[in-house]
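Colleague: Attaching a predicted model along with its sequence, questions to come.
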Amino acid sequence: MMQQGREAHSFALGGKGAVEDFWALLKPRVMSLVIFTAICGLLLAPGDIHPWTAFIAILCIAVGAGASGALNMAYDADIDARMGRTAKRPIPRGAIEPGEAYVFGTALSVGSVVVLGLAVNWVAAAFLAFTIFFYAVIYTMFLKRSTPQNIVIGGAAGAFPPMVAWSAVTGSVDMASLSLFLIIFMWTPPHFWALALFRFGDYETAGVPMLPNVAGVDATRKQIWWYSLAMAPVAALPVAAGIAGWVYGVAAFALTAKFIWHAWAVYSLREGEKAERAPKKLFGYSILYLFAIFGSLLVDRAVSLAGLI
């Protein structure tokens, strides 16, 4: 497994990367979701934080997320080169050398953690360091290549940012912040397994043991269905934890019901054009779902602060 990762170095053709290539290493699409959920965690946390300190906290979390992406791309260049979806990333096409990406990612990792610790607090900084380590080492170097449960366990890395932001305000984490983590954690498997269903060939070619390639398509459909059902009570946890009210509750119910409806289509439709489109529709909606769920938390908080409920 470690040898596979080291093979990535053979893909470098000179390291002539432009600014946009280094920007692409940060996985800006993923970073946008990290930033948004982190902002939600920061605004929902009890206590006060100076706007400038809050800005620094979110910036450090964003940079830490980008650093994780750069380290991930450096190690996974051999996999990325074999997959149509990722073959044009900077390292497989030779714009950036893996060594450059490692240095870039490591520098951003250290910088984001140190600045967060000095400017905000060291609890949040330690949490951010663990998040980067979890994604870049535990998930990328070990889980991704060794088990079809890679997304289930590794998904925790993407679920930590709201808790990091929460700890930036409070200096600690609690059950309320855990409810935000669990929403993303339970959302991650059906989100990525839907992608894996219509990118089946890519993962098979790259040798990544995603669930459809190991357990089969039918087993994956079933897992998507059960995880989607399990999301329903998890989506209600912020209400139970006291950080959201009925505005969020109504929105979460409607949004999760539609998620389950898409998951049922993936599970029940087995043949024909509709069956082929169902995973793509679920994947597309799942991205909107997470933004909408966390956006509903902010709307609920704004309504509450305005005294409208």
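Modeller: Happy to help now that I have it.
Colleague: Domain parsing of this protein, as residue ranges.
Modeller: Residue ranges of the domains in the chain are recorded as 1-173, 196-304, according to automatic domain parsing.
Colleague: Could you check the pLDDT of residue 5?
Modeller: At residue 5, the model reports a pLDDT of 43.
Colleague: start to end distance for stretch 208-226?
Modeller: 23 Å (CA to CA, to the nearest Å).
Colleague: Offset the numbering so it begins at 14, please.
Modeller: Taking 14 as the first residue, the last one we looked at is stretch 221-239.
Colleague: Any buried residues in it, and which?
Modeller: Residues 221, 222, 223, 224, 225, 226, 233, 234, 236, 237, 238 are the ones in stretch 221-239 that count as buried (16 or more other CB atoms under 10 Å). Quick note: C-beta positions are derived from backbone N, CA and C, even for glycine.
Colleague: could you redo these as JSON lines and give each row pLDDT and secondary structure?
Modeller: Below are those laid out as JSON lines (pLDDT from 0 to 100; DSSP: H, G, I helix; E, B strand; the rest coil):
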{"residue": "221", "pLDDT": "90", "secondary structure": "coil"}
{"residue": "222", "pLDDT": "92", "secondary structure": "coil"}
{"residue": "223", "pLDDT": "93", "secondary structure": "coil"}
{"residue": "224", "pLDDT": "94", "secondary structure": "helix"}
{"residue": "225", "pLDDT": "93", "secondary structure": "helix"}
{"residue": "226", "pLDDT": "91", "secondary structure": "helix"}
{"residue": "233", "pLDDT": "96", "secondary structure": "helix"}
{"residue": "234", "pLDDT": "96", "secondary structure": "helix"}
{"residue": "236", "pLDDT": "97", "secondary structure": "helix"}
{"residue": "237", "pLDDT": "97", "secondary structure": "helix"}
{"residue": "238", "pLDDT": "97", "secondary structure": "helix"}
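Colleague: any chance of those in JSON lines, plus distance to residue 313?
Modeller: Shown next, in JSON lines, are the buried residues of stretch 221-239 (distance: CB to CB, whole Å):
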{"residue": "221", "distance to residue 313": "38"}
{"residue": "222", "distance to residue 313": "40"}
{"residue": "223", "distance to residue 313": "35"}
{"residue": "224", "distance to residue 313": "34"}
{"residue": "225", "distance to residue 313": "36"}
{"residue": "226", "distance to residue 313": "40"}
{"residue": "233", "distance to residue 313": "34"}
{"residue": "234", "distance to residue 313": "33"}
{"residue": "236", "distance to residue 313": "31"}
{"residue": "237", "distance to residue 313": "28"}
{"residue": "238", "distance to residue 313": "28"}
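Colleague: And the residues you listed, which is closest to residue 36?
Modeller: Among the buried residues of stretch 221-239, residue 221 lies closest to residue 36 (CB to CB), at 25.0 Å.
Colleague: tell me the most buried of the domains of the chain?
Modeller: domain 14-186 (a mean of 20; mean count of other CB atoms under 10 Å).
Colleague: I figured residue 111 hits residue 87, correct?
Modeller: Yes - counting by CB atoms under 8 Å, residue 87 is a contact partner of residue 111 at 4.7 Å.
Colleague: Lowest average confidence across the domains of the chain, which one?
Modeller: Of all the domains of the chain, the minimum mean pLDDT falls on domain 14-186 (a mean of 91).
Colleague: what's the offset of that domain from the middle of its chain?
Modeller: 10 Å (CA atoms, centre = their mean, to the nearest Å).
Colleague: Stretch 294-310 too?
Modeller: 13 Å.
Colleague: Run through who's touching it.
Modeller: Here stretch 294-310 makes contact (CB atoms under 8 Å, 6 or more residues apart in numbering) with 46, 49-50, 53, 57, 175, 193, 196-197, 200, 203-204, 207-208, 211, 237, 248, 251, 256-257, 260-261, 264-265, 268-269, 271-272, 275-276, 278-279.
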